[in-house]
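>>> model this:
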Amino acid sequence: MPVLSSWLTEPLWGQFDALLPERPQFHPDHPLGCHRRRISDRVVFDKLLQLLRFGCSYEAIADTTCSATTIRTRRDEWIRLGVFAEVKRIGLESYDRIVGLVLDQIAVDGAITKAPGGGEVAGCSPVDRGKQGLKRSGMTHGYGSPLGRVLAGANRHDSPLLAPTLDRLDDLGPMPDDITVHLDAGYDSDTTRALLSERGLHGRIARKGEKAPIQASQRWHVERTHAWQNAFHRLARCYERRRTVIDAFFDLADTIITVRSMIRRAWTTHRWKSRPQHRP
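Coordinates of the predicted model:
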């Protein structure tokens, strides 16, 4: 059974493949010219999707078509080339061109997940008896597509991560003049309000001690996006230790979320050859 539907996998792979450099089928330096064939990039890409979705080990996902070492080696090669970050950027640009990013409404919030293996961005989790955990400070636009994130240990408070999270807006190019940032009560402080004022942003912050339904503002979009990301078990229970690898898996998951949302929203307004027969 495929990890993702073909209407989602094929456009993802098409763009991903376009960013990869050409490689010979056989290594040109081999003295006999008959070294083993290079494992297809498509096979490794499918393995990475399985790793992301199921959260299993590299050894568990490896088989006769591709070894665990090949998956790790190709993954690191693509990270050095910046392919994961680039495909995410292209996904957001495509969404903005076809559907439109709602950049005048921004939501930011943190989420804590497990990190049993520790690593560069792990810390003692205050909600899991001091076990190793990972916090991500995520940012979404008005409909919920992920715009960026900051990774930190689970023992970090959300408020100090707000500034580096908002810095991710610089990667999106020109922004609207009037931007509202929706935050929960964990950001309710004069420091946060001063930070937003310095950046020319309006803040809609829930008050501490006052009950307010999450639907009262646009903050629920980022909560939904955290749930979408946690559906990828590689992110919900992260065994990776290096920040660059964790970021690569997050970029791949964010691209899937963005493209899936774009196809769903464009299904009623656009027509294309591989368009699903039913709204996904």
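>>> residue ranges for the strands of the stretch 1-150 of the chain, please.
105-114, 123-124, 132-140, 146-153 (DSSP state E, counting those that start in this stretch).
>>> got those as JSON lines, with distance to Ser189 and mean neighbour count columns?
Glycine gets a C-beta too; all of them are placed from N, C-alpha and C. Below are those laid out as JSON lines (distance: least, CB to CB, whole Å; neighbours: other CB atoms under 10 Å):
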{"stretch": "strand 105-114", "distance to Ser189": "14", "mean neighbour count": "22"}
{"stretch": "strand 123-124", "distance to Ser189": "22", "mean neighbour count": "16"}
{"stretch": "strand 132-140", "distance to Ser189": "16", "mean neighbour count": "24"}
{"stretch": "strand 146-153", "distance to Ser189": "18", "mean neighbour count": "23"}
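>>> of the ones you listed, which approaches His226 most closely?
Smallest distance to His226 across the strands of the stretch 1-150 of the chain (CB to CB): 4.3 Å, for strand 105-114.
>>> That closest one - contacts with which helices or strands?
Counting contacts by 3 or more CB pairs under 8 Å, 6 or more residues apart in numbering; DSSP states H and E, strand 105-114 is packed against strand 132-140, helix 162-166, strand 180-183, helix 220-230, helix 233-236.
>>> Please work out which of these is packed deepest.
Scoring the helices and strands packed on strand 105-114 by mean neighbour count under mean count of other CB atoms under 10 Å gives strand 132-140 as the most buried, with a mean of 24.
>>> and Tyr143, how many neighbours does it have?
By the criterion of other CB atoms under 10 Å, Tyr143 has 17 neighbours.
>>> quick one on the thing from earlier: figure out which of the helices and strands packed on strand 105-114 is closest to Pro21.
Comparing those by CB to CB, helix 233-236 comes nearest, at 25.5 Å.
>>> Now do that closest one: everything it contacts.
51-55, 113-114, 229-230, 240, 249-250, 253 (CB atoms under 8 Å, 6 or more residues apart in numbering).
>>> and the closest residue to Leu161 other than its chain neighbours, what pLDDT?
Among residues not flanking Leu161 along the chain, Ser137 sits closest, at 3.8 Å (CB to CB, 6 or more residues apart in numbering). Predicted confidence (pLDDT) for Ser137: 96.
>>> just Arg129 next, same as before
88.
>>> ok so, going back, make CSV from the strands of the stretch 1-150 of the chain and add distance to Ala18 to it.
As requested, those are arranged in CSV below (distance: least, CB to CB, whole Å):
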stretch, distance to Ala18
strand 105-114, 30
strand 123-124, 38
strand 132-140, 26
strand 146-153, 22
